[in-house]
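*Asks:* Next come a sequence and a model predicted from it.
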Amino acid sequence: MNFELVTENNMDYLRQKSIPFDFENPPCDADDLSNGIHDYVQSVEAFGVSGVQLSFPYRVFGIYIEPNKFAVMFNPQLMLSNEENKVNESEGCLSFPNLFLNINRPKDVLVNYQDTTGKLNTIELTDYYARGFLHELDHLNGVVFIDYVGKLALKMARKKVHKHNKRKGK
């Protein structure tokens, strides 16, 4: 499958809520899509990517769920999060190249998702993997990570990107 990364230049598309992936009447072959998402993430050396970021408006994303273990999650849902145990760490996003923001997210989550066969899976994710799940789930709900910071923090982060791009000659 060929994918085109949607960047912040198309915020209307990024802010749309993704529709469920229907296994009874699939919009495409789930295995092909899963392989394509995995190959894309590997090719750009990323942690994960959502369908909407790849011009595919369905509820699907791929992330690492532990070191060297990648999962493509169809119709993922957050079942439980520990809102009292949050961590404020730096996040980036493929749709916002070189932009990094400190985002406060729960450290532990319990999630469920369907695999390529439609089978329901439930797993617990912690730390970096919980953060990645929540980041990609936000994309499926039309939320982008810049929504979590104030205007001043975003302006300062964008200045850093501008300086970085200037040094690189972009």
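*Replies:* Arrived safely, thanks for sending.

*Asks:* CA atoms for contacts and neighbours, from now on please.
*Replies:* OK.

*Asks:* List phi and psi for the closest residue to Val72 other than its chain neighbours.
*Replies:* Nearest residue to Val72 in three dimensions, chain neighbours excluded: Gly62, at 4.0 Å (CA to CA, 6 or more residues apart in numbering). Per-residue torsions, Gly62: phi -120, psi 140 (degrees, to the nearest 10).

*Asks:* next one: Leu94
*Replies:* Main-chain dihedrals, Leu94, degrees, to the nearest 10: phi -60, psi -30.

*Asks:* any idea how far Gly48 is from it?
*Replies:* According to CA to CA, to the nearest Å, Leu94 and Gly48 sit 9 Å apart.

*Asks:* Look at the two and report which has more neighbours.
*Replies:* Taking neighbours as other CA atoms under 10 Å, Leu94 and Gly48 compare with Gly48 leading, 26 against 19.

*Asks:* What strands flank the longest strand along the chain, and is each parallel or antiparallel?
*Replies:* The residue-count maximum for a strand in the chain (DSSP state E) belongs to strand 69-81. Using DSSP bridges, the strands paired with strand 69-81 in its sheet are strand 60-66 (antiparallel), strand 108-114 (antiparallel).

*Asks:* among the ones you listed, which is nearest Tyr13?
*Replies:* strand 60-66 (15.4 Å; CA to CA).

*Asks:* How about residues contacting the closest one?
*Replies:* Outside strand 60-66, the residues within contact range by CA atoms under 8 Å, 6 or more residues apart in numbering are 21, 34, 37-38, 41, 47-51, 70-76, 125, 129, 132-133, 136-137, 140.

*Asks:* Could I have the buried ones of these as ChimeraX selection syntax?
*Replies:* A single ChimeraX command selects the buried members of the contacts of strand 60-66 (16 or more other CA atoms under 10 Å):
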select :21,34,37,38,41,47,48,49,50,51,70,71,72,73,74,75,76,125,129,132,133,136,137,140
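
*Asks:* mind listing which of the contacts of strand 60-66 are in strands?
*Replies:* Residues of the contacts of strand 60-66 located in strands (DSSP E): 48-50, 70-76, 125.

*Asks:* Put together JSON lines for those residues, with pLDDT and distance to Pro26 on each row.
*Replies:* Formatted as JSON lines, the ones in strands among the contacts of strand 60-66 follow (pLDDT from 0 to 100; distance: CA to CA, whole Å):
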{"residue": "Gly48", "pLDDT": "97", "distance to Pro26": "22"}
{"residue": "Val49", "pLDDT": "98", "distance to Pro26": "20"}
{"residue": "Ser50", "pLDDT": "98", "distance to Pro26": "17"}
{"residue": "Phe70", "pLDDT": "98", "distance to Pro26": "22"}
{"residue": "Ala71", "pLDDT": "98", "distance to Pro26": "19"}
{"residue": "Val72", "pLDDT": "98", "distance to Pro26": "15"}
{"residue": "Met73", "pLDDT": "98", "distance to Pro26": "15"}
{"residue": "Phe74", "pLDDT": "98", "distance to Pro26": "11"}
{"residue": "Asn75", "pLDDT": "98", "distance to Pro26": "12"}
{"residue": "Pro76", "pLDDT": "98", "distance to Pro26": "16"}
{"residue": "Leu125", "pLDDT": "97", "distance to Pro26": "28"}
